[in-house]
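K.L.:
the following comprises the amino acid sequence and a computationally predicted model.
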Amino acid sequence: MLAIEGPLSRMRLQWKPTPVAEEMLPNERTWLPFLPEFRLLRPVETALSEQDPRLTLTASPAPMLQDSAEKKGLAFAAFRAELPPALISHVERFSNHQWPLLVLLHESPKTLDLVTATPVLAWCLANNHYFRERPSKTSGLLAIMHSHQKQRNILEWLGFPGTEALVRLMRKIPPEAASPTLLNGLRLALRPPDTLPVGFLHLKTINAGVLALIGSRALCPFLSP
């Protein structure tokens, strides 16, 4: 189990025997389910250097260590060791909202095909409450239900155009660029009467900077290839 002391709440995450993420808010005595937004997994070489200083991590049971960085590193490693390596390799490149994707991959092995072919679409499916504007408590079950559909059908369900052209565009977005704000900006930019400038379709990579420009109603009309 991974225990986290955040600035506004206490959190605990376990992977075995069943993935569970719970949170206790200040002045409360009850643990409630929640979806972590912060990054849980990083490539090993950057795991320590980029940890959020606002979070205090402890392993359960945790050895008594004087050095807080060493303690954080041990807790991170202990949690990571519980996860299947195949899942880690698909999830660690995303900088946020990793937990829903981890759980989806665990509950629906079919999603491994989707995350291999179009990683960002799998991430969007796992975090569908940001795109469908529905309560997060049902997003996990809905993601499992739709994980067997064709990619263009998943896109349409999420509010994007359900086209093969957009499937190809989504494959150009690296996991590092994924965020609810940027991808919702893309979704809204593709709604009629707005149209995506044709020049973007020929870019080899749609990074975070490009997504930010596409999602800007003020700037997008003035952009050129």
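P.N.:
Yes, it's here.
K.L.:
how far out from the middle of the chain is whichever helix or strand Cys124 is part of?
P.N.:
If you go by DSSP states H and E, Cys124 is part of helix 119-126. How far helix 119-126 lies from its chain's middle: 7 Å, per C-alpha atoms, centre = their mean, to the nearest Å.
K.L.:
ok, then the element right after it?
P.N.:
That would be, after helix 119-126 and using DSSP H and E, helix 129-132.
K.L.:
average pLDDT across that next one?
P.N.:
For helix 129-132, the mean pLDDT works out to 95.
K.L.:
give the buried residues for it.
P.N.:
Residues of helix 129-132 classed as buried by neighbour count (16 or more other C-beta atoms under 10 Å): His129, Tyr130, Phe131. (C-beta placed from N, C-alpha, C; glycine too.)
K.L.:
please apply the same query to stretch 81-94.
P.N.:
Leu83, Leu87, Ile88, His90, Val91, Glu92, Arg93, Phe94.
K.L.:
strands along this structure, start to end?
P.N.:
Secondary structure of the chain, counting by DSSP state E: strands at 2-5, 10-14, 20-24, 32-33, 56-59.
K.L.:
ranking those strands by mean pLDDT, which is last?
P.N.:
Among the strands of the chain, strand 56-59 scores lowest, with a mean of 49.
K.L.:
just the buried residues of stretch 81-94 now: which is nearest Glu37?
P.N.:
Phe94 (11.4 Å; C-beta to C-beta).
K.L.:
which non-adjacent residue is nearest the closest one?
P.N.:
Spatial nearest neighbour of Phe94, excluding adjacent residues (C-beta to C-beta, 6 or more residues apart in numbering): Pro175 at 4.7 Å.
K.L.:
just to revisit the earlier point, for Trp31, state which of the buried residues of helix 129-132 is nearest.
P.N.:
Proximity of the buried residues of helix 129-132 to Trp31 (C-beta to C-beta) peaks at His129, which lies at 20.7 Å.
K.L.:
check contacts around that closest one.
P.N.:
Pro135, Ser136, Thr138, Ser139 (C-beta atoms under 8 Å, 6 or more residues apart in numbering).
K.L.:
can you pick the most crowded of those residues?
P.N.:
Neighbour tally across these (other C-beta atoms under 10 Å): the maximum, 22 neighbours, falls on Ser139.
K.L.:
that one against Asn128, yeah?
P.N.:
Yes. Between Ser139 and Asn128 there is a contact under C-beta atoms under 8 Å: 5.1 Å.
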